[in-house]
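Engineer: predicted coordinates and the sequence they were generated for:
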Protein chains: 2
Amino acid sequence: MIGFGDRLASTLADRGPLCLGIDPHAFLLADWGLSDDATGVREFALRSVDAAAAVIGIVKPQVAFFERHGAAGYAVLEEVLARARAAGLLVIADVKRGDVGSTVAAYGEAWLTPGGSLEADAMTIVAYQGLSSLDDPVARADANGKGLFVLAATSNPEAAATQTARLGSGEFAGRSVAAGIVSGVEKLNSSAGAVGSVGVVLGATVRLDDYGIDAVQLRKTPILAPGFGEQGARIADLPALFGSATGNVIANVGRSVLRAGASGMRDELISLAHEARQAGAR
Amino acid sequence: MIGFGDRLASTLADRGPLCLGIDPHAFLLADWGLSDDATGVREFALRSVDAAAAVIGIVKPQVAFFERHGAAGYAVLEEVLARARAAGLLVIADVKRGDVGSTVAAYGEAWLTPGGSLEADAMTIVAYQGLSSLDDPVARADANGKGLFVLAATSNPEAAATQTARLGSGEFAGRSVAAGIVSGVEKLNSSAGAVGSVGVVLGATVRLDDYGIDAVQLRKTPILAPGFGEQGARIADLPALFGSATGNVIANVGRSVLRAGASGMRDELISLAHEARQAGAR
């Protein structure tokens, strides 16, 4: 069994840091001339998969925009996940699930089971109920060669108060909520090879200093970084943002690429991939 | 348009505080002699809906156990939600969704749109990305007569460190993360009538003092309280736990009832409803 961290490391080395967020917003479906239903979402997502597979190595379908169309949207999602994985893309299901341990276990089973209908390579997950509430999906990810990305410091400004709140108890007392998650995750990866299977989400637009997080301290923890493009961060700034941890960073781009439409997005991705190489991110 | 808070208040007055968590865990499916697939989940959930409709007023399907079966599980969930609402039950979709504003809007649309295939009366939601990231679903709930329950102090012990962390910025600086959410939600409900449409989740097993939360300060905010039965809290203790706020409390029972099986759960619910009346919760 090849671990998720190893698979991620080869993808980053071979295909660069870019990840395409597959976000079929209603306004984008309209821009693309597609219907705002499961059929339109299917077309949007499959074209996005094809464009991504031609240029980059990772996609991140935002499950909210499939769930918006109910069971029909989920049927489309199953097809999209399968198509993306068959095309050799690493697929991160952006679901941000979280719950008590016995329930979050069911979410892990849904997204991280080989052969399952919603099988992805990794999923995003939330630790509001404590990092150790996620023990079951962490064990499942390790056992199945799958990955997790735990939200730590997210890219939306209204998140800062909660994520900088100071822990008063537990192993990471005195640190911020986000820094506690980052340290806890790095610890989960301590016995991994070069790169572990549990990552963190660190927005590229946040000042990590304000959270007491120093990305260069992360040796084995992959970083999923949203915030590029319309949210303000630039791909060229990757090394400035993440320093020596840059090699483990997945840079997510969404709207700025998706707005280029089915025909234009491939060129947009090529241009961003060039920008990443120029910056020495790869 | 009758607001969710008013609908909830009449349900609590007419049918008492009990809510049945519909949690088709794999081990319960086995106990019930059902197959661990979408067909088994359907049978489990529909029998639970029937038992609940005969005795109590509220159900809370745990969506993780439907998602575990992919699109087929979601098709079953659509049927279960429709059946429960047609039976006059208030339905809280336990989904614990959360994300940046433009994405969480899609989740609100999925669960809180009248006529939508996943229509529920309310959904659970997570504010790890900030309470104001939830503005869109809050507005949607108000506009559609729907409700939200924001996780504050949850019943699992490993959540305490995060939820008691102290806010250093924002409107509720100096308070715990959970207390900030509770105060923020009460503020959202300030212009409501007797009961607002945004509630909080407060575990019946947590010592609210440790979070700096005083439930009796909540005038208009409904409380969804898990933790009864196997997790240790007793229905008879409702008034002791929530004092003058008890009238707005939804007491969730799950495993302890579900273990009684399809034939025994109705009697179990009748006995718990009796316990609630004896305690003067209603």
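Structural biologist: Perfect, I can see it now. Residues are numbered from 1 along each chain as shown, chains lettered A, B, ... in the order given.
Engineer: where does the stretch 151-282 of chain A dip in pLDDT?
Structural biologist: For the stretch 151-282 of chain A, the stretches with pLDDT under 70 are A:281-282.
Engineer: can you tell me which residues in it are near chain B?
Structural biologist: Within the stretch 151-282 of chain A, the residues that sit near chain B (CB under 8 Å from any CB of the partner chain) are A:151, A:154-156, A:158-170, A:172-173, A:176-177, A:180. Yep, even glycine has a C-beta here, placed from its N, CA and C like the rest.
Engineer: mind giving me the ChimeraX select for those residues, buried ones only?
Structural biologist: Buried members of those, defined by 16 or more other CB atoms under 10 Å in any protein chain shown, are picked up in ChimeraX with:
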select /A:151,154,155,156,158,159,160,161,162,163,164,165,166,167,170,172,176,177,180
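Engineer: give me the subset of the residues of the stretch 151-282 of chain A next to chain B that lies in helices.
Structural biologist: Using DSSP state H, the subset of these located in helices is A:160-163, A:177, A:180.
Engineer: ranges for the strands of the stretch 1-150 of chain A?
Structural biologist: A:18-22, A:58-61, A:90-97, A:122-125, A:147-153 (DSSP state E, counting those that start in this stretch).
Engineer: buried ones in the helix or strand hosting A:Gly184?
Structural biologist: Counting by DSSP states H and E, the element that carries A:Gly184 is helix A:177-188. Neighbour counts using 16+ other CB under 10 Å place A:177-188 of helix A:177-188 among the buried residues.
Engineer: could you give the number of residues near the residue nearest to A:Pro239 when sequence neighbours are not counted?
Structural biologist: Distances taken as CB to CB, 6 or more residues apart in numbering or on different chains place A:Thr246 nearest to A:Pro239, at 5.0 Å, with adjacent residues excluded. Residues near A:Thr246, counting by other CB atoms under 10 Å in any protein chain shown, number 23.
Engineer: ditto for A:Ser191
Structural biologist: Other residues close to A:Ser191 by other CB under 10 Å number 9.
Engineer: mind checking how far A:Ala215 is from A:Leu131?
Structural biologist: 18 Å (CB to CB, to the nearest Å).
Engineer: so the two - more neighbours on which side?
Structural biologist: Each of A:Ala215 and A:Leu131 has its neighbours counted (other CB under 10 Å); A:Leu131 has more, 25 against 20.
Engineer: isn't that one up against A:Glu186?
Structural biologist: No - the criterion here is CB atoms under 8 Å, and A:Leu131 misses it with A:Glu186 at 11.3 Å.
Engineer: wait, a helix at A:Glu230?
Structural biologist: Yes - per DSSP: H, G, I helix; E, B strand; the rest coil, A:Glu230 lies within a helix segment.
Engineer: contacts only, for it.
Structural biologist: By CB atoms under 8 Å, 6 or more residues apart in numbering or on different chains, the residues touching A:Glu230 are A:254-256.
Engineer: was I right about A:Glu268 contacting A:Gly261?
Structural biologist: No - A:Glu268 sits out of contact with A:Gly261 when judged by CB under 8 Å, with a separation of 9.4 Å.
Engineer: so for these two, which sits in the more crowded spot?
Structural biologist: With neighbours defined as other CB under 10 Å, A:Glu268 and A:Gly261 compare such that A:Glu268 has more, 20 against 14.
Engineer: how about the contacts made by that one?
Structural biologist: With CB under 8 Å, 6+ apart, A:Glu268 has these contacts: A:256-257, A:260.
Engineer: now render these as CSV, adding secondary structure.
Structural biologist: Shown next, in CSV, are the contacts of A:Glu268 (three-state DSSP):
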residue, secondary structure
A:Ser256, helix
A:Val257, helix
A:Ala260, coil
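Engineer: distance of A:Ala53 from B:Ala30?
Structural biologist: 41 Å.
Engineer: who has more neighbours, the two?
Structural biologist: Shown here are A:Ala53 and B:Ala30; by other CB under 10 Å, A:Ala53 has more neighbours (18 against 12).
Engineer: what's the nearest residue to the more buried one once chain neighbours are set aside sitting at in phi/psi?
Structural biologist: Distances taken as CB to CB, 6+ apart put A:Ala87 closest to A:Ala53, at 3.9 Å, once the chain neighbours are dropped. Dihedral pair for A:Ala87: phi -80, psi 0, per degrees, to the nearest 10.
Engineer: thought A:Leu46 was touching A:Ala87, still the case?
Structural biologist: No - the criterion here is CB under 8 Å, and A:Ala87 misses it with A:Leu46 at 10.2 Å.
Engineer: the more surrounded of the two?
Structural biologist: The neighbour comparison of A:Ala87 against A:Leu46 (other CB under 10 Å) goes to A:Leu46, with 17 against 14.
Engineer: quick one, what contacts that one?
Structural biologist: Contacts of A:Leu46 by CB under 8 Å, 6+ apart are A:79-80, A:83.
Engineer: can you check A:Val185 too?
Structural biologist: Contacts of A:Val185 by CB under 8 Å, 6+ apart are A:131, A:150, A:152, A:198-200, A:221.
Engineer: nearest to chain B among the residues you listed?
Structural biologist: Chain B lies nearest to A:Leu131 out of those, by CB to the nearest CB, at 7.8 Å.
Engineer: list the contacts of the closest one.
Structural biologist: A:150, A:180-181, A:184-185, B:158.
Engineer: farthest-separated two in those?
Structural biologist: A:Val185 and B:Glu158 (15.0 Å; CB to CB).
Engineer: near chain B, which residues of the stretch 1-150 of chain A show up?
Structural biologist: A:23, A:25, A:62, A:64-65, A:67-72, A:74-75, A:77-78, A:96-104, A:106-107, A:109-110, A:116-118, A:126-133.
Engineer: so which of those sit within helices?
Structural biologist: Counting by DSSP H, those contribute A:64-65, A:67, A:70-72, A:74-75, A:77-78, A:101-104, A:106-107, A:109-110 to helices.
Engineer: center of chain A - which residue?
Structural biologist: Computing the C-alpha centroid of chain A and ranking residues by CA atoms, centre = their mean puts A:Leu224 first, at 4.9 Å.
Engineer: roughly how far apart are that one and B:Met123?
Structural biologist: To B:Met123, A:Leu224 is 25 Å away according to CB to CB.
Engineer: do A:Ala84 as well
Structural biologist: 28 Å.
Engineer: ok, now A:Leu269?
Structural biologist: 35 Å.
Engineer: now swap in A:Gly116 and tell me
Structural biologist: Counting by CB to CB - A:Gly116 and B:Met123 are separated by 24 Å.
Engineer: between those two, tell me which one has more neighbours.
Structural biologist: Neighbours per residue, other CB under 10 Å: of A:Gly116 and B:Met123, the larger number sits with B:Met123, 26 against 17.
Engineer: so what's the more buried one bridging to?
Structural biologist: B:Ala93, B:Leu148 (DSSP bridges).
Engineer: before we move on, the earlier item: neighbour-wise, which one of the contacts of A:Glu230 leads?
Structural biologist: A:Gly254 (23 neighbours).
Engineer: who's in contact with it?
Structural biologist: By CB under 8 Å, 6+ apart, the neighbours of A:Gly254 are A:20-21, A:23, A:62, A:226, A:229-230.
Engineer: let's see that with 6 Å instead.
Structural biologist: Counting by CB atoms under 6 Å, 6 or more residues apart in numbering or on different chains, A:Gly254 touches A:21, A:23.
Engineer: these two touch, right, A:Leu20 and A:Ala53?
Structural biologist: No - using CB atoms under 6 Å as the test, A:Leu20 is too far from A:Ala53 to be in contact (9.7 Å).
Engineer: nearest residue to A:Arg47 in space, ignoring adjacent ones along the chain?
Structural biologist: Closest residue to A:Arg47 apart from its sequence neighbours, by CB to CB, 6+ apart: A:Ala262 at 4.4 Å.
Engineer: for A:Leu77, see how far away the one you found is.
Structural biologist: Taking CB to CB, one finds A:Ala262 at 19 Å from A:Leu77.
Engineer: quick check: phi and psi on the nearest residue to A:Leu18 once chain neighbours are set aside?
Structural biologist: Leaving aside its sequence neighbours, A:Leu18 sits nearest to A:Ile56 (CB to CB, 6+ apart; 4.3 Å). Backbone torsions of A:Ile56, given as degrees, to the nearest 10, read phi -120, psi -170.
Engineer: if anything else comes up later, I'll come back, but that's it for now.
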